[in-house]
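Asks: Show me how the following folds:
(2 chains)
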Amino acid sequence: MTSFLPAPTTIAALVKIGLLVGGLMTAAAYLVLVERWMAAWVQDRKGPNRVGIPLTKIRLFGLGQPLADGLKIILKEDFTPRHVDKVLYAAAPLVLLAASLAIFAAIPFGSVLPPLGIPGLPDPVPFLVAPGLDVGVLWVFALSSIAVYGVLLGGWASNNKYGFLGGLRSSAQLVAYEIPLGLGLLGVVLAAGSLKLDAIMNAQAETGVWYAFAQPLGFIVFLVAAFAEAARLPFDLPEAEQELVGGYHTEYSGIKLLLFLVSEFLHMVTAAFLIVIMFLGGWHLWGVTGSSQEVTWVGALLRFAILSGKILGVILFFMLVRWSWPRFRFDQLMNLAWKVMLPLGLANLVTVATVEEFRPQLAAAFGPSAAGWIALLVPWGVFFVGWIAAGLLTPSGTDNTPILTHGPLDVEHELVEV
Amino acid sequence: MQATDPAITWLQEKPLGLAERLYLPLFVQGLATTARHLVSPKVTVSFPEQRPAVGNPLIYRGVHRLNRDEQGRVKCVACFLCATACPAHCIDIVATESPWPDREKYPEAFQIDELRCIFCGMCEEACPVDAIELTSLLDLTGKSREEMIFDKEKLLSVYDMTKDAEPMKSAALGGAP
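Replies: Okay, here's the model as predicted:
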């Protein structure tokens, strides 16, 4: 009989997938509620607080709201307009959701479990669907790039100018911000010496220096790029309601719209995961978790809780930022990507590479402790210099006055009296 | 109008200072504003449980009532003035001979369709004996259309329910009680 059973590693992976997908979908539903609460509280309102347990009068602070919202949108008519490209129209939300979910195969959602002693299952069991995936970071970035296709397909297949403009903006924005995102990430990969996300967390836990402190410039660049990649305010141009109706999902309704909205939330969750794992120490907290790979059950759950708490904190920051700043204009968005974030990311990369290259020499000359301080202070120096330079050198605003004196190339624009 | 028109005054934006160009102070300022509002007292009134604080809630024109006189009889004399005045035609009166010596007629049936009523208050103004009045109960709900057609007993019971909270207006205005 045992030969018919799948391997223990397969079963473990399936259990993890079940837990992760279930957890993520529930989390996405409840994050919508949290987002609505935050929106309400920032505007001095109370927010949804009525829906509780169905058929009773128990309200539970509105915790039944996600269930009601989900039921409502699933039961809505799934209307397909006649003018759309039917195949692509149906494929777009699926592509987006599949890519957004598949990203989590390489993202660790905790540290490791204590040895379970199950034969055939290597101990300790990591909180990771695909353990030992050597290209973890590449997987994440490849799939988040594929998610752009979902947005593009949605915009294109809708055959609608608002959808098309939304998709167009989205592609330009996401492609532009992939570069600062990659540059912010490269510094971390360089310092950790691994593309595995769990190895990056372990590296931070061992030294006790989170990369947000070791590479402040890289952190800022990555944070801003992550906001843009998740298309959150102040970078939500792909679906700027006031300009584009709904952007690339203007023509969608019912469950297809739900898939788009869930994917968008998953983007934000992914961004929060990456920020926490790569820059905020992952499951590590000084004096609480330790850094060893041998843990007890309490330790494993504690690390999971700390990681989740940090991620929730980053998501709350995302939501607070949404109500704090107005949306960028598209030229400002592009200026920020190419003229500010790209040079800053490059500066960070060069600094990190230099520091890592000369770290052994520094340690030999001044001792390991002093070398550690130098390796910490140099990036901070570069951070301040880079920030001030970016502030002083970038164009601060746009001159909206008309050009009254024509240059030699502007002749054809001159008004002709009829 | 051309850009060179002398009627147009072109204003220059104020150049940004160092703090503004570094973005960080404004960043913190924006975040502080939202964070302050996040925890500040809320203005929402949870309506059915909590009533909005209005200076004088009696100014509202809500559901009607049929007033009783001091002997507990309906004050209405079935003159049809309210039904005539009603612009929504929602008042339906069946008059019959009065059993009491002090008036000729009284309403055998008195129906108001609260769903048709526009709460203009003309019936109240038209009534010569101050029999029909609008109370301040404005959140009137029902589960069916039939339920929202108020008959004489229901209108009298509205009076019984509200007579302490809202005394008859005619008495306050110097009219007959």
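
Asks: Am I right that residue B:94 falls within a strand?
Replies: Yes: the assignment for residue B:94 is a strand, going by DSSP: H, G, I helix; E, B strand; the rest coil.

Asks: Give me the neighbour count for it.
Replies: Neighbour count for residue B:94, taken as other Cβ atoms under 10 Å in any protein chain shown: 11. The way it works is simple: take the backbone N, C-alpha and C, and place the C-beta from them, glycine included.

Asks: partner residues bridging it?
Replies: Note on residue B:94: beta-bridge partners by DSSP bridges are residue B:109.

Asks: ok, then the element right after the lengthiest helix in chain A?
Replies: In chain A, with assignment by DSSP state H, the single longest helix is helix A:8-42. On the C-terminal side of helix A:8-42, the nearest following helix or strand under DSSP states H and E is helix A:65-75.

Asks: Could I get the buried residue list for that following helix?
Replies: Across helix A:65-75, burial judged by 16 or more other Cβ atoms under 10 Å in any protein chain shown covers A:65, A:66, A:69, A:70.

Asks: what's the answer for stretch B:72-91, then?
Replies: Quick answer for stretch B:72-91 (16+ other Cβ under 10 Å): B:74-79, B:81-83, B:85-86, B:90-91.

Asks: ok so, going back, mind listing what's buried in the longest helix of chain A?
Replies: Buried-residue list, helix A:8-42, by 16+ other Cβ under 10 Å: A:12-13, A:16, A:20, A:24, A:27-29, A:31-38, A:40-42.

Asks: In helices only, show me the buried residues of stretch B:72-91.
Replies: The members of those that map onto helices under DSSP H are B:81, B:82, B:83, B:85.

Asks: Surely the last one is in contact with residue B:123?
Replies: Right, residue B:85. Yes: between residue B:85 and residue B:123 there is a contact under Cβ atoms under 8 Å: 6.0 Å.

Asks: Just give me the neighbour total for residue 47.
Replies: You didn't pick a chain, so chain A it is. Residue A:47 has 20 nearby residues by other Cβ under 10 Å.

Asks: ah, no, chain B please
Replies: By the measure other Cβ under 10 Å, the count of residues near residue B:47 is 9.

Asks: Skipping adjacent residues, who's closest to it in space?
Replies: Distance criterion Cβ to Cβ, 6 or more residues apart in numbering or on different chains; nearest residue to residue B:47, sequence neighbours excluded, is residue B:139 at 7.9 Å.

Asks: isn't there a helix covering that neighbour?
Replies: No: assessed by three-state DSSP, residue B:139 does not belong to a helix; its assignment is coil.

Asks: any idea how far it is from chain A?
Replies: Separation of residue B:139 from chain A (Cβ to the nearest Cβ, to the nearest Å): 16 Å.

Asks: Could I get the phi/psi values of that residue?
Replies: phi -90, psi 70 (degrees, to the nearest 10).

Asks: So for it, what pLDDT did the model give?
Replies: Residue B:139 carries a pLDDT score of 84 in this model.

Asks: Hmm, it is touching residue B:52, no?
Replies: No: judged on Cβ under 8 Å, residue B:139 makes no contact with residue B:52 at a distance of 11.1 Å.

Asks: Neighbour count for the two, which is higher?
Replies: residue B:139 (10 against 7).

Asks: how big is the angle separating the longest helix along chain B from helix A:8-42?
Replies: Counting residues, the longest helix found in chain B (DSSP H) is helix B:24-39. Here helix B:24-39 points in a direction 90 degrees away from that of helix A:8-42 (axes from the mean of the first three to the mean of the last three Cα atoms, to 10 degrees).

Asks: Mind listing residues that contact helix B:24-39?
Replies: Contact with helix B:24-39 is made by A:38, A:41-44, A:320-321, A:323-325, A:387, B:19-20, as judged by Cβ atoms under 8 Å, 6 or more residues apart in numbering or on different chains.

Asks: 7 Å instead?
Replies: Helix B:24-39 has contacts (Cβ atoms under 7 Å, 6 or more residues apart in numbering or on different chains) with A:41, A:42, A:44, A:320, A:323, A:324, A:325, B:19, B:20.
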